[in-house]
Structure formats: structure tokens, C-alpha cells
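Trainee: Turn this into a model:
(one chain, ligands or ions: 1)
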Amino acid sequence: MQPVFRFAPSPNGLLHLGHAFSALLNEELAARFDGRLLLRIEDIDVGRTRTEFVAAIREDLDWLGIRFHGEPRRQSEHFDDYRAAASRLRERGLLFRCACTRGELAAAVGPLAPRDPDGTPLYPGTCRRCVPAPERPHAERLAMDRALAAAGGPVVRTLFDAQGRETHVACDPARWGDAVLVRKDVPTSYHLSVVLDDAVQGVTHVVRGKDLEAATDLHRLLQTLLGLPAPRCLHHDLVTDDTGEKLAKSRFSKPLREWRREGAAPEDIRRMLGFGQKPMPRT
Ligand code: GLU
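Mentor: Here you go, the predicted model:
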């Protein structure tokens, strides 16, 4: 079976060197393993997505010389798929409605509450004890204890390296607590969409930053519950700025097109990020 890789940016800003690194590593590994590289536009966040960012992302990737197989999958066109996946979890009693607001949650847990790997306080269980009326705006959370029981055994993830060697690591999805799988504003969440899309797109190899490594534990649990295949993962180091901080849109890291405006060529970006010539697929 031909390996399938994907690069999955969110169009809520412009690409910076961190995205370029991730895209180039996907390109390099896809070429090395004779795989296909797909593009996915992760635009469930309809409030923050802008069409001009989608166009800019595609243009920047094109400028870098990265070629993708087929047309990109846009998550906002597949909300029905995510609704169907959520229904399957709901029918098994694995989701519960949560009407808590951010303010209520902050007040309920206090400053010293244990946090999930993203730094969000673990859900204190408020709406498990007192079910909100269906007409109140609500999210849906995974009932982690029931989900772990339904998984029926340990959840394991498979890592791969650039030489294709594989290792297996035990997952700890419980550290995410009762994670939100269906947001209040859209009928899905990053975690639910990503596992569905990876399965629909036939992704076999996930290459993304270390900042998403912990999310893989939750993704593996969802894949187990939904009966979806488990891609192998490689979580790469993050590109940092000269203060050692990771590049981020929220920190206004210099966009790729700014480098371009200042005269950098695609080869300069490739070289700066440690990539050689554009890899040629083996024939
Ligand atoms: N859309 C995510 C981001 O831009 C990446 C998701 C993934 O690779 O799983 O950070």
C-alpha cells in the first residue's frame, strides 16, 4: 500500500517558518517512502478562517515548490461527516452535554487545578452532575472514564522515524479529561475532525510538531472508539526564534511571505531550515 502523508494548516493566519519546516519534512519523507502528499485546510474555526489566508497558504506552498496530490480537503465542507462521527459516540453514551461558560469553568476549578497538555484546566464534571437543558447553548464532551472502558484495553501509538523504524508507545488519553469533541459554535472540534479526516483521506503517516504529540493519545482513543485505522506518527522539533520561543501566529512570527518580500528565494528557505534540494520521488 502506498504511504499517504498530509500537511494540515489552519487558515487563521499566514504561514511562518515553522509551518514551512513541517510542510518540507512531510514532502521529504513522502518522497523518501514513495508516498503521496495531501493538503488539508483545517478551517472548522469558521469565525477565524479567512478566504485570503487559504489563498495565501496555497500560494506560499506553491512558491516553496511543494506539490500536493489532488485537491485539498477543506474541513468546513465536511461538517456532516463530523456530525455522523459524534452521533456514533453519542449513541454509545460516550458524550455528555456541557453548558459551562469559560468564566464558570474558571470559577469552578480555581487557579491550581490540574491541566490538560494544552494548559486548559481539566473539566470538573459540573454538567455530569447536573444535566443542562437541551436548549441552552452547549458543547459535548467525551466522558473519559466511559470512553476508556469502551476502548476495552490499553491504547498504543506507533511512532516512526526518518529511517522507517517503528516504536510503540503506551498512550495516556486520560490526561485530557472530559475533552470537548463538539464545540458550542461548530459541530466538531480539532480532535474529532482530524481523526475522521486522516481516515477518510487514507493517511498512513502523520508528521507534525511536538506541540501536538500529546494530542495523539486522545486521537488514538478516538480512532479505537470509532474503529478507524491508526496512522504512524512522527512529531518533529519546533522551529524557534532567537529567544528560543516557538514560532506562532499569536506571537506575530515573521510570515513566509515577508521573507519572500525581503528577497529570499525558495531555495534559501529550504537551506535555512536544513533541507537540501527539492527531493525527487524515486521511480
Ligand atoms: N491544523 C493544525 C495546525 O495548523 C495541525 C493539525 C495536525 O497536523 O494534526 O497546527
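Trainee: Name the secondary structure element that contains residue 30.
Mentor: helix 17-32 (DSSP states H and E).
Trainee: Over to residue 85?
Mentor: helix 79-91.
Trainee: for the stretch 1-150 of the chain, what are the low-confidence residue spans?
Mentor: The stretch 1-150 of the chain contains no residues with pLDDT under 70.
Trainee: rerun that using 90 as the cut-off
Mentor: 110-111 (pLDDT under 90).
Trainee: Near the ligand, which residues of the stretch 1-150 of the chain are found?
Mentor: 8-10, 42 (C-beta under 6 Å from any ligand atom). Where C-beta positions appear, they are placed from N, C-alpha and C, glycine not excepted.
Trainee: just the CA coordinates of the helix holding residue 30, formatted as CSV?
Mentor: Extracted C-alpha coordinates of helix 17-32, given in CSV (Å, rounded to 0.1, in the frame of the first residue of the first chain):
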residue,chain,number,x,y,z
LEU,A,17,8.9,29.2,9.0
GLY,A,18,7.5,26.6,11.5
HIS,A,19,4.8,25.7,9.0
ALA,A,20,7.3,25.7,6.2
PHE,A,21,9.5,23.2,8.1
SER,A,22,6.6,20.9,8.8
ALA,A,23,5.5,21.0,5.1
LEU,A,24,9.0,20.4,3.9
LEU,A,25,9.6,17.5,6.2
ASN,A,26,6.3,16.0,5.0
GLU,A,27,7.5,16.5,1.4
GLU,A,28,10.9,14.9,2.1
LEU,A,29,9.5,11.9,3.9
ALA,A,30,6.8,11.3,1.4
ALA,A,31,9.4,11.3,-1.4
ARG,A,32,11.7,9.0,0.7
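Trainee: Tell me the buried residues in that helix?
Mentor: Neighbour-count burial for helix 17-32, counted by 16 or more other C-beta atoms under 10 Å, picks out 17-31.
Trainee: And for stretch 252-267?
Mentor: Result for stretch 252-267 [16+ other C-beta under 10 Å]: buried residues 253, 255-257, 259-260, 266.
Trainee: Now, those residues that are in helices?
Mentor: Mapping those onto helices (DSSP state H) picks out 256-257, 259-260, 266.
Trainee: mind checking the SS state of residue 56?
Mentor: Secondary structure assignment for residue 56 (DSSP: H, G, I helix; E, B strand; the rest coil): helix.
Trainee: Return the nearest residue of the stretch 101-250 of the chain with respect to the ligand.
Mentor: residue 208 (3.7 Å; C-beta to the nearest ligand atom).
Trainee: circling back: ok, and what's touching the helix holding residue 30?
Mentor: If you take C-beta atoms under 8 Å, 6 or more residues apart in numbering as the criterion, helix 17-32 is touched by 3, 5-7, 9, 15, 35-37, 60-61, 64, 66, 162, 205, 207-209, 234, 236, 238-239, 246-248, 253-254, 256, 259, 269-270, 272-273, 275, 278-282.
Trainee: In strands, which of those residues fall?
Mentor: Using DSSP state E, 5-7, 36-37, 205, 207-209, 234, 236 are the members of those that sit in strands.
Trainee: Can you say which two of those are spatially most distant?
Mentor: Spatial extent of these (C-beta to C-beta) is set by the pair 36 and 209 at 21.3 Å.
Trainee: got a list of what residue 67 touches?
Mentor: Listed by C-beta under 8 Å, 6+ apart, the contact partners of residue 67 are residue 37.
Trainee: residues of the helix or strand following the helix holding residue 85 that come out buried?
Mentor: Where DSSP H and E defines the elements, the next helix or strand beyond helix 79-91 is strand 95-98. Residues of strand 95-98 classed as buried: 95-98 (neighbour count, 16+ other C-beta under 10 Å).
Trainee: what about the next helix or strand after strand 95-98, distance to the chain center?
Mentor: Per DSSP H and E, strand 95-98 leads on to helix 102-109 as the next helix or strand towards the C-terminus. Centroid displacement of helix 102-109 relative to its chain, using C-alpha atoms, centre = their mean, to the nearest Å, is 26 Å.
Trainee: Check which helix or strand residue 222 maps to.
Mentor: helix 213-226.
Trainee: Which elements pack onto that helix?
Mentor: helix 79-91, helix 144-151, strand 156-160, helix 190-200, strand 232-236 (3 or more C-beta pairs under 8 Å, 6 or more residues apart in numbering; DSSP states H and E).
Trainee: near the ligand, which residues of the stretch 151-283 of the chain show up?
Mentor: 194, 208, 212.
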